[in-house]
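K.L.:
I'll drop the sequence and a predicted model, then ask my questions.
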Amino acid sequence: MFGIDVTDYDKKVWAEELCDFLPDKIIDVHMHIWEPGTRKVGQKGCVTWTSIVAPDMTYENMVETYSKVFPGKTVKQVLTGSPSCTLSVVNPYVLDCAKKYGHQALYCTNWDSDEAEILKAMKAGFCGIKPYQNNSPSYIPANEVRIFDFLTHRQLELMDKIGGIVMLHIPRNLRLRDPINLAQIMEIDERYPNAKVIIAHVGRAYIPSDVGDAFEILKRTKNIYFDFSANTSDFAMEKMIEAIGVDRIMFGTDMPFTKMRMYRIEENGTYVNVVPRGLYGGIEGDVHMKESDESEITTFVYEELRALKRACERLGLTKDDVNKLMYENASKYFDIQL
């Protein structure tokens with residue numbers, strides 16, 4: 001699927017709800033590209049629906065997609081490969097695209113990526129790293145992985161020393177409210193103040209029950225940033241903004257997965273993506289997918305932006321505040337000027 005097919009309903013959502021809400025310049029700090037056939041399915045800790053809705057995302061595919069999703073806006077992406085690819089294949093592809101087309105890029109790491117490897121990547125042109133739980137030691141079961149199993153203290157010491165960026169997708173079934181996750185996030189904030197750590201997806205708090213009292217703890221952080229990529233929970237976004245403020249939050253899409261047509265609900269204590277019947281096929285047995293006969297279902301990324309708008313309106317945020325979330329914070333953090 002090259003690019004994205006935009007429907008009349010998508011155009012209506014964009015024109016009536018999103019276009020005027022968003023600034024003219026946008027930076028997407030969290031998205032993925034990879035070459036066709038290089039992403040592996042069924043990796044430890046990875047959900048299966050992502051491979052169904054977005055089997056590939058080349059750079060050219062990305063350009064086509066963003067031109068349709070954000071018409072009239074100037075958008076710059078921070079490029080990252082898929083951590084589910086063979087890292088020795090996807091990282092060079094990402095770096096080549098970043099250099100060729102003028103992007104910042106993050107280097108996908110393994111748990112045993114050492115100082116020499118990471119410094120070589122940074123010297124080559126990467127601005128930071130993207131660790132992921134599937135690249136933790138193979139003997140650790142997916143539901144037992146902790147942050148420091150795939151983002152090691154040695155790696156954090158290096159990123160603290162050089163002021164490098166770390167895009168962190170936290171593990172564990174309880175997501176943001178997991179006490180081990182919270183303890184380790186607070187430890188990172190305190191021990192590694194110069195490492196530029198971003199907690200992705202609002203800490204995977206995709207539904208209200210994922211939040212718990214996490215932000216009562218996380219409001220004490222001083223250095224940790226957050227992105228709200230692939231998150232459609234206005235509740236989670238509101239709690240994040242209340243606790244963290246607008247100066248340490250950045251926009252991300254998690255493209256290409258947010259090309260999916262969906263809206264999100266909570267069932268049996270977990271998130272469920274409601275998708276048009278028959279569009280993706282093969283979703284039987286996936287607890288995170290459910291089909292609907294509704295005719296007007298827009299894209300995941302538009303649902304994310306709708307949620308942000310609801311949260312911003314309830315909190316009384318200004319246009320300048322929204323500009324910080326969508327552009328200014330990332331512009332400073334990643335040294336990107338548009």
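P.N.:
Done, it's in.

K.L.:
I figured residue 338 hits residue 74, correct?
P.N.:
Yes. With contacts counted by C-beta atoms under 8 Å, residue 338 reaches residue 74, the gap being 5.4 Å. All C-beta atoms are positioned from the backbone trio N, CA, C, and that covers glycine.

K.L.:
got the buried residues for stretch 162-176?
P.N.:
164, 165, 166, 167, 168, 169, 170, 171, 172, 174, 175, 176 (16 or more other C-beta atoms under 10 Å).

K.L.:
okay, these in TSV with pLDDT, secondary structure and distance to residue 10 next?
P.N.:
Conversion of the buried residues of stretch 162-176 to TSV gives the following (pLDDT from 0 to 100; DSSP: H, G, I helix; E, B strand; the rest coil; distance: C-beta to C-beta, whole Å):
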residue	pLDDT	secondary structure	distance to residue 10
164	98	coil	37
165	98	strand	32
166	98	strand	34
167	98	strand	28
168	98	strand	31
169	97	coil	27
170	97	coil	31
171	96	coil	33
172	95	coil	34
174	96	coil	34
175	96	helix	29
176	98	helix	30
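
K.L.:
From the opening residue of stretch 16-31 to its closing one, how far?
P.N.:
The first and final residues of stretch 16-31 sit 26 Å from each other (C-alpha to C-alpha, to the nearest Å).

K.L.:
Which parts of the stretch 51-200 of the chain are strands?
P.N.:
Taking DSSP state E, counting those that start in this stretch as the test, the strands found in the stretch 51-200 of the chain are 74-77, 79-80, 105-108, 128-130, 165-168, 196-199.

K.L.:
how about the ones you listed, which one is nearest residue 140?
P.N.:
If you check each of the strands of the stretch 51-200 of the chain against residue 140 by C-beta to C-beta, strand 165-168 wins as the nearest, at 17.1 Å.

K.L.:
wait, is residue 242 part of a strand?
P.N.:
No. Residue assignment for residue 242, taken from DSSP: H, G, I helix; E, B strand; the rest coil, gives helix, which places it outside any strand.

K.L.:
Tell me how far it lies from residue 311.
P.N.:
Look at residue 242 and residue 311: by C-beta to C-beta, to the nearest Å, they are 9 Å apart.

K.L.:
Pull the contacting residues for the nearest residue to residue 79 once chain neighbours are set aside.
P.N.:
Nearest residue to residue 79 in three dimensions, chain neighbours excluded: residue 105, at 4.4 Å (C-beta to C-beta, 6 or more residues apart in numbering). By C-beta atoms under 8 Å, 6 or more residues apart in numbering, the contact set of residue 105 is 78, 79, 80, 94, 95, 97, 98, 125, 126, 127.

K.L.:
List only buried entries from those residues.
P.N.:
Buried subset of the contacts of residue 105 (neighbour count, 16+ other C-beta under 10 Å): 78, 79, 80, 94, 95, 97, 98, 126, 127.

K.L.:
Could you work out the most separated pair of those residues?
P.N.:
Farthest pair in the buried ones among the contacts of residue 105 (C-beta to C-beta) is 97 and 127. Separation: 14.1 Å.

K.L.:
Count the neighbours of residue 261 for me.
P.N.:
When neighbours are defined as other C-beta atoms under 10 Å, residue 261 has 23 of them.

K.L.:
Provide a list of residues in contact with it.
P.N.:
275, 276, 279, 297, 298, 299, 300.

K.L.:
Now it: closest residue in space, sequence neighbours ignored.
P.N.:
In space, residue 261 comes closest to residue 297 once its chain neighbours are excluded; the distance is 4.9 Å by C-beta to C-beta, 6+ apart.

K.L.:
Quick check: the one you found vs residue 305, distance?
P.N.:
Look at residue 297 and residue 305: by C-beta to C-beta, they are 15 Å apart.
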